[in-house]
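> kindly generate the corresponding structure for this input.
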Amino acid sequence: MVKIVELVGLKRKLAILVAGSLLLMPMIDQSVLAQELTESHLAAAKKAIISTNATIKLNDILPTAAARLATQMISSRPDLETPISVMVNEAALEIAPRRGNLQVEVAKIYGRIFKEDELVKIAKFFSTSAGQKFLTQLPLVVREVEKASRIWGTGISRDLNQAVRKKMQDAKIE
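Numbers count the residues shown, from 1 in each chain. Have a look, this model is predicted:
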């Protein structure tokens, strides 16, 4: 019985998510998605990316890949640990300049989604102390909101259960 209720709840959540997505689709400016980006639009996107630290986590891609590769190769040939480490580090340094290509791709994504004037406003806000505080405190806010919603959801589930049981008792159904 619980599994059926969970499945119905999951389907309902999925339906709400899909419906919400469909409602938000008109909000995406289709002309922005289709247009060719100007240099100033791309520059505004890059400023927005920098001010929001949007790509900072992407800096870990190459070092993580290099460490994983080195570990994998060294586990196969532990006797060559030093030369493998040197070769992996050299190759990673040779590949590192390609990181700029990812930054350009992210800027294009931002440029397709946001208008130039919106990007300027985003960069301006996130360059302020309030914008920087927002960025640094956002993980805490998200955790606290998730915690509050779990607590609230537990209470709602309990109260709903009690209300249905009472209705069933009143209707002499058990």
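
> which SSE is R99 in?
helix 99-113 (DSSP states H and E).

> could you chop the protein up by domain?
Using automatic domain parsing, the domains assigned to the chain come out as 1-34, 38-170.

> could I get the buried residue list for the helix or strand encompassing K46?
Per DSSP H and E: K46 is located in helix 39-52. Of all the residues in helix 39-52, those buried under the rule 16 or more other C-beta atoms under 10 Å are 41-52. To be clear about C-beta, it is placed using only N, CA and C from the backbone, and glycine gets the same treatment.

> all helices for the chain, in order.
Secondary structure of the chain, counting by DSSP state H: helices at 2-24, 30-34, 39-52, 61-76, 81-95, 99-113, 116-126, 129-170.

> any weak-confidence spans in the protein?
Scanning the chain for pLDDT under 70 picks out 1-35.

> now do the contacts for the most centrally placed residue in it.
Taking C-alpha atoms, centre = their mean as the criterion, A54 is the residue nearest the geometric centre of the chain, at 9.7 Å. Contacts for A54 (C-beta atoms under 8 Å, 6 or more residues apart in numbering) come out as 48, 106, 110.

> ok, now with 10 Å
Residues in contact with A54 (C-beta atoms under 10 Å, 6 or more residues apart in numbering) are 45, 48, 103, 106-107, 109-110, 122, 126, 135.

> pick the most deeply packed of the domains of the chain.
domain 38-170 (a mean of 13; mean count of other C-beta atoms under 10 Å).

> that one: end-to-end distance?
68 Å (C-alpha to C-alpha, to the nearest Å).

> can you pull the phi/psi pair for K115?
phi -70, psi 160 (degrees, to the nearest 10).

> do I have it right that it meets H41?
Yes. K115 is within contact range of H41, at 8.1 Å (criterion: C-beta atoms under 10 Å).

> from P63, how far out is the residue nearest to the centre of the chain?
Noted for A54: a distance of 19 Å to P63, by C-beta to C-beta, to the nearest Å.

> equivalent analysis for I109, please.
As judged by C-beta to C-beta, I109 and P63 stand 23 Å apart.

> my read: K47 touches F125, true?
No. Using C-beta under 10 Å, K47 makes no contact with F125, being 11.5 Å away.

> contacting residues around the residue nearest to L58 when sequence neighbours are not counted?
Spatial nearest neighbour of L58, excluding adjacent residues (C-beta to C-beta, 6 or more residues apart in numbering): L102 at 5.9 Å. The contact partners of L102, by C-beta under 10 Å, 6+ apart, come to 55, 58-59, 61-62.
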